[in-house]
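# Take this sequence and fold it.
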Amino acid sequence: MSILFIKNMVCNRCIMVIQNELEKIGLDFTHIKLGEVTLTRELSAEDKKLLEAVLIPLGFEVIDDKKSRIIEKIKNIIIDLVHHQDNDTKKNLSDLLSDQLNHDYNYLSNLFSEVEGTTIEKYFIAQKIEKIKELLVYDELSLSEIALRLNYSSVAYLSNQFKKVTGLTPSYFKQIREEKRKPLDQCK
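Okay, the predicted model is just below:
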């Protein structure tokens with residue numbers, strides 16, 4: 001068995017695409033999750049070239065070096081935390097990352113900033129803002145429910161952070177999104 005690390009896997013659809021491509025080229029695997037594929041055997045140089053030829057046009061990339069793997073794992077943990085879990089964890093992000101990656105948070109933070117040009121915290125906030133946008137567009141939850149789901153201490157804090165990042169209040173963002181989505185029979 002071997003583990004393959006793949007860059008830019010951010011959602012369940014990415015997992016399905018990777019799964020389909022692996023099946024097409026005949027590479028057997030036992031498990032796929034964000035950023036990682038567990039193969040039943042080591043890849044030959046030829047297999048690796050074939051895999052890269054298939055993945056790169058789709059926006060994915062095989063990661064070979066240790067630092068890039070750590071960065072991708074940080075991103076995947078944050079994406080999973082924000083987008084795929086009901087964020088009920090009360091654990092500090094720094095503790096969560098340190099525990100899951102078995103590295104000191106200062107090391108992870110410095111590495112992330114050095115490679116990505118932004119902080120882990122800013123990346124985390126950007127992911128939360130994207131999730132807020134998504135939930136506002138779905139229009140199924142109130143702002144209070146969104147704040148609760150994403151572990152904001154208050155609606156005011158969520159609104160302030162949203163405005164700081166996007167330049168818009170959540171209600172104005174929702175309003176302009178609704179104006180863009182007029183029913184076809186109301187368009188001129």
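# which residues in this structure form strands?
Taking DSSP state E, the strands of the chain run over residues 2-7, 29-33, 36-39, 61-63.
# mind giving me the domain ranges of the protein?
1-64, 66-188 (automatic domain parsing).
# quick one: buried residues of the one helix or strand in the chain whose mean pLDDT sits lowest?
Taking mean pLDDT, DSSP states H and E as the measure, the chain has helix 170-180 as its least confident helix or strand, at a mean of 84. For helix 170-180, the buried set under the neighbour-count rule, 16 or more other C-beta atoms under 10 Å, comprises P170, F173, K174. In short, each C-beta sits where N, CA and C put it, glycine included.
# Please produce JSON lines containing those residues, extended by distance to I129.
Formatted as JSON lines, these follow (distance: C-beta to C-beta, whole Å):
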{"residue": "P170", "distance to I129": "10"}
{"residue": "F173", "distance to I129": "10"}
{"residue": "K174", "distance to I129": "14"}
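# Which one of the strands of the chain lies nearest to K122?
Within the strands of the chain, the stretch nearest K122 is strand 2-7; the backing value is 19.5 Å (C-beta to C-beta).
# average model confidence for the closest one?
Strand 2-7 carries an average pLDDT of 88.
# what's the spacing between it and its chain's center?
Its chain's C-alpha centre and that of strand 2-7 lie 16 Å apart, by C-alpha atoms, centre = their mean, to the nearest Å.
# and the angle from that strand to strand 29-33?
30 degrees (axes from the mean of the first three to the mean of the last three C-alpha atoms, to 10 degrees).
# Same question for strand 2-7: list its buried residues.
L4, F5, I6, K7.
# Same question for stretch 36-50.
Buried, per 16+ other C-beta under 10 Å, within stretch 36-50: E36, V37, L39.
# Find me the pLDDT at the residue nearest the centre of the chain, would you?
Closest residue to the average C-alpha location of the chain: I79 at 3.0 Å, with C-alpha atoms, centre = their mean. Looking at I79, its pLDDT reads 92.
# Would you agree it is in contact with K128?
No: using C-beta atoms under 8 Å, I79 makes no contact with K128, being 10.8 Å away.
# tell me which strands and helices the longest helix along the chain is in contact with?
In the chain, taking DSSP state H as the definition, the longest helix is helix 120-138. Contacts defined by 3 or more C-beta pairs under 8 Å, 6 or more residues apart in numbering; DSSP states H and E place helix 120-138 against helix 66-79, helix 93-101, helix 105-116, helix 143-149, helix 155-166, helix 170-180.
# Same list (these) but as TSV, adding distance to F60.
Compiled in TSV, the helices and strands packed on helix 120-138 are given as follows (distance: least, C-beta to C-beta, whole Å):
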stretch	distance to F60
helix 66-79	11
helix 93-101	21
helix 105-116	18
helix 143-149	29
helix 155-166	27
helix 170-180	30
